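1. Quick one: sequence and predicted model below, then my questions.
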Amino acid sequence: MGSAEDSTPTQGRLARTARLAALPAAYAGRTAFGIGKRIGGRPAEAVAAQVQQRTAEQLFATLGHLKGGAMKVGQALSAMESALPEQLAGPYRETLTRLQEAAPAMPTARVHEQLARSLSTDWRQGFRDFDDRPVAAASIGQVHRATWADGTPVAVKVQYPGAAEALVADLGTLQVLSPVMKAAAPHVDVRELFSELRERLTEEADYSREAAAQQAFADAYRGDPDIAVPDVLDVQGQVLVTEWVGGTPLSRVIADGTQDDRDRAGQLLVRLLASGPVRAHRVHGDPHPGNFRLLPDRRLAVLDFGSTQAMPRGWPDRLGPLLAAGRDGDAATLHRIATSAHLVQPDKVTDTALLDLLDPYFEPLRATEYRFTRRWMQEQTRRASDPLSTAARTQRRLTIPPHYLLLQRVAAELVGVLCSLGATVAVDDEVRRWLPGYDAAGTPA
C-alpha cells in the first residue's frame, strides 16, 4: 500500500517538487563529472552515452513514482523508446514498461470515498463484488476489477482526488526538467511536448468526455473481427465503469511476444489509426502500449480514450493525395499539396528538400509489407536531430498548423511502437482502404 505521496497527486506537494527539482541538479553533476572524464582522456562519445543512460534511468524512475503529470510526461517519452540507441535501449526497457503498465495503489479508504462521492454512499449495491486491489493505473486514476450487479465483469476507473488540478501544477513544475529530458531523449521536441500535454490533460480528467469518445468507438467497431472496444456501462463524476477486457498487454508483446503476435498487433494498430476517423469520426490520440491488449481470439483491445480528437469529416481531403505523392517520389506535387495545407512556405522550403526530409517515412507505402525496425527509427532520429544536417534544417522550417499537431504526434508515436514491436505490416493496404484520394497523387478536386 503506497503512502499518500505515492497515491494521490495532491498530497506531498513540497516533497514532489523537491524530488523533481533534484533531477536538474543531478544532471548538472553528471555533466560536470563527464567533462572531467573527457579531460582525463575518456572518449567523448562514451562519456556522453554514460551520462545519457544514467540521466534517463533517474528521470523515468522519478516520473513513474510521482504519477500525475509526471507520469503522463514519462508515458509520452516511453512511446518513443525505439528511437533510443541500441546500447541504451536495453537498460531503459524495463523502466519504460513499468511506466506503461504501472499499478500504484491509492489507499483503499480513498478509493471508497471517491466511489461514494461519485456513485452514492451505497455504491456497493451496484456490484456483486469489487476488488480493492488496482489492476492498472494511468496518470490520473487507477482501474479496479469488479462484477456488475447483473454479473457482467467490469473495469472501474477511479480518478485520483484533485487529479486535474495536480496535472496542471505538475506541468508547471516539470518545465524545469526540459534540459534533463532533452539529455535523456534528444529526439523529443520538449517544448512542443509540454504545450500539447497542457492542452490534453484537462480534457483527460473529464470522464464524461472520455466515456462519450469510448462509446463512439465501441459503436463503430461493434462485432468487428479485428478490433475490440469495451462498452461504457456508467460514468458519474470521477468514476467510469466499462466492460472488462483481459488479454496480453502490448508492453508484454514488445518484451517477449512471438513474431506472429508482434506482426498482428502492429497491423491492427495501423488499422485502428487509419480507420478511426472514417468509422468513429475520431482519432485515438494516445497510442502508447499500455492502452492496448492482444486478446486470445487475436483481436486488438483498445482501453483508454482520454485523448481523442473529433474528426467529423473524416481524414483531411489533402492527406491521401499528399501520401500518394510522397510514395511515388513526386516532389513537385508533394510540395504543392503541402503548401496548400500550410505545412510549408514555398519560399523557405524547396520541393527537393521537402522530399529529402520526408522520403524515409514514405518507405512503408512502397512495399506490400514493411518491416519496422529500431535501427530504422534510430537512423531517422539521427537525421532529424543533427543540427548540421539538411534534413534538420528543413524540418525547422516546416509550419504545422495547431489542429494537425495531435495527428503528427500520434503518427510519430505509432511508428515508434511499430519499431519497438519489430512488426511487419501491410501499411499501404490500410492507407489505400481508408484514406480517400490515395490511389493517385495530385491535388484533390
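-> Arrived safely, thanks for sending. Since the structure is predicted, the reported quantities are computational estimates derived from the model, not experimental observations.
2. Residue 127 versus the residue lying closest to residue 113 once chain neighbours are set aside, what's the distance?
-> Excluding the flanking residues, the one nearest residue 113 by Cβ to Cβ, 6 or more residues apart in numbering is residue 161, at 7.7 Å. Quick note: C-beta positions are derived from backbone N, CA and C, even for glycine. Noted for residue 161: a distance of 21 Å to residue 127, by Cβ to Cβ, to the nearest Å.
3. which residues are in contact with stretch 334-342?
-> Residues outside stretch 334-342 that contact it (Cβ atoms under 8 Å, 6 or more residues apart in numbering): 316, 318, 321-322, 325-326, 344-346, 349-351, 354-355, 358, 399, 401, 441, 443.
4. Rounded mean pLDDT for it, please.
-> Here stretch 334-342 scores 93 as its mean pLDDT.
5. Okay, buried residues for it please.
-> Buried residues in stretch 334-342, counted by 16 or more other Cβ atoms under 10 Å: 334-339, 341.
6. Repeat that for stretch 279-298.
-> The neighbour-count check on stretch 279-298 (16+ other Cβ under 10 Å) flags 279-280, 282-294 as buried.
7. Repeat that for stretch 111-120.
-> Buried residues in stretch 111-120, defined by neighbour count with 16+ other Cβ under 10 Å: 111-112, 114-115, 118-119.
8. what bridges to the residue nearest to residue 245 when sequence neighbours are not counted?
-> Distance criterion Cβ to Cβ, 6+ apart; nearest residue to residue 245, sequence neighbours excluded, is residue 301 at 4.5 Å. Beta bridges link residue 301 to residue 228, residue 293 when assigned by DSSP bridges.
9. you'd agree residue 301 is up against residue 247?
-> Yes - in this structure, residue 301 is within contact of residue 247 by Cβ atoms under 8 Å, at 5.4 Å.
10. On the three-state scheme, residue 230 is what?
-> Residue 230 carries the three-state label coil when classified by DSSP: H, G, I helix; E, B strand; the rest coil.
11. State the distance from it to residue 269.
-> Taking Cβ to Cβ, one finds residue 230 at 17 Å from residue 269.
12. who has more neighbours, these two?
-> Using other Cβ atoms under 10 Å as the criterion, residue 230 and residue 269 rank with residue 269 on top: 25 against 19.
13. Report the rounded mean pLDDT for the helix or strand hosting that one.
-> Here residue 269 sits within helix 259-279, counting by DSSP states H and E. The average pLDDT for helix 259-279 rounds to 98.
14. for whichever helix or strand comes after it, packing partners?
-> For helix 259-279, the succeeding helix or strand toward the C-terminus, using DSSP H and E, is strand 282-284. When contacts are defined as 3 or more Cβ pairs under 8 Å, 6 or more residues apart in numbering; DSSP states H and E, strand 282-284 packs onto helix 207-220, helix 259-279, strand 308-310, helix 402-421.
15. what domains does the record give for this structure?
-> Domain segmentation of the chain under automatic domain parsing yields 4-101+169-200, 108-164+202-243, 319-434.
16. count of residues packed around residue 232?
-> Counted by other Cβ under 10 Å, the residues lying close to residue 232 total 21.
17. Would you check how far apart residue 437 and residue 338 are?
-> The value you get for residue 437 to residue 338, if Cβ to Cβ is used, is 15 Å.
18. and the contacts of stretch 334-342, which are buried?
-> For the contacts of stretch 334-342, a burial check counting by 16+ other Cβ under 10 Å picks out 316, 318, 321-322, 325-326, 344, 349, 351, 354-355, 358, 441.
19. Among the residues you listed, find the lowest-pLDDT one for me.
-> For these, the pLDDT minimum is residue 441, 46.
20. for this structure, longest strand please?
-> If you go by DSSP state E, the chain has its longest strand at strand 127-137.
21. Report the buried residues of it.
-> By neighbour count on 16+ other Cβ under 10 Å, the buried set for strand 127-137 is 127, 130, 134, 136-137.
22. Which strands or helices does that strand pack on?
-> Contact here means 3+ Cβ pairs under 8 Å, 6+ apart; on that basis strand 127-137 packs against strand 141-148, strand 153-159.
23. if you set the cut-off to 6 Å instead, what comes out?
-> For strand 127-137, the elements it packs on are strand 141-148, judged by 3 or more Cβ pairs under 6 Å, 6 or more residues apart in numbering; DSSP states H and E.
24. list the helices and strands the strand it packs on packs on?
-> strand 127-137, strand 153-159.
25. need these in CSV with distance to residue 257 and mean pLDDT, can you?
-> Output for these, formatted as CSV (distance: least, Cβ to Cβ, whole Å; pLDDT from 0 to 100):
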stretch, distance to residue 257, mean pLDDT
strand 127-137, 19, 91
strand 153-159, 23, 96
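26. Which pair of the buried residues of strand 127-137 spans the longest distance?
-> The distance between the two most remote of those (Cβ to Cβ) is 19.8 Å, for 127 and 137.
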